[in-house]
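Enquirer: quick one, what's the 3D model for this:
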Amino acid sequence: MEAIERRGATDGAEQRASGKGIIMNMARSFSNWRKYRQTVNELSRMNARELQDLGINRSEIKTVARAAVGF
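Expert: I've put the predicted structure just below:
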């Protein structure tokens, strides 16, 4: 009986830890998405000359933004 009670307590702790992991993962994903969108927006505001100076073609903006965030 004691082993069952201990296991039940452990399962609850694991579930709470798992829940925190899910929340942290969601927060990290949201943060990465915001950084991606910010990068896309900033690069999109640049003119062709500014992008060329950075070695970026307008069609590559989303790819560059994904790489910058680590997607």
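Enquirer: hey, let's count contacts and neighbours off CA atoms from now on
Expert: Noted.
Enquirer: in three-state terms, label residue 53 for me.
Expert: Under DSSP: H, G, I helix; E, B strand; the rest coil, the three-state class of residue 53 is helix.
Enquirer: if I look at it, how far off is residue 47?
Expert: Remark: distance between residue 53 and residue 47 (C-alpha to C-alpha, to the nearest Å) = 10 Å.
Enquirer: shared neighbours, the two?
Expert: The contact sets of residue 53 and residue 47 do not overlap (C-alpha atoms under 8 Å, 6 or more residues apart in numbering).
Enquirer: any buried residues in stretch 52-67, and which?
Expert: By 16 or more other C-alpha atoms under 10 Å, the buried positions in stretch 52-67 come out as 56, 61, 62, 64, 65, 66.
Enquirer: including distance to residue 43 and pLDDT, could those go into CSV?
Expert: Output for the buried residues of stretch 52-67, formatted as CSV (distance: C-alpha to C-alpha, whole Å; pLDDT from 0 to 100):
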residue, distance to residue 43, pLDDT
56, 9, 97
61, 7, 98
62, 9, 97
64, 9, 97
65, 9, 97
66, 12, 97
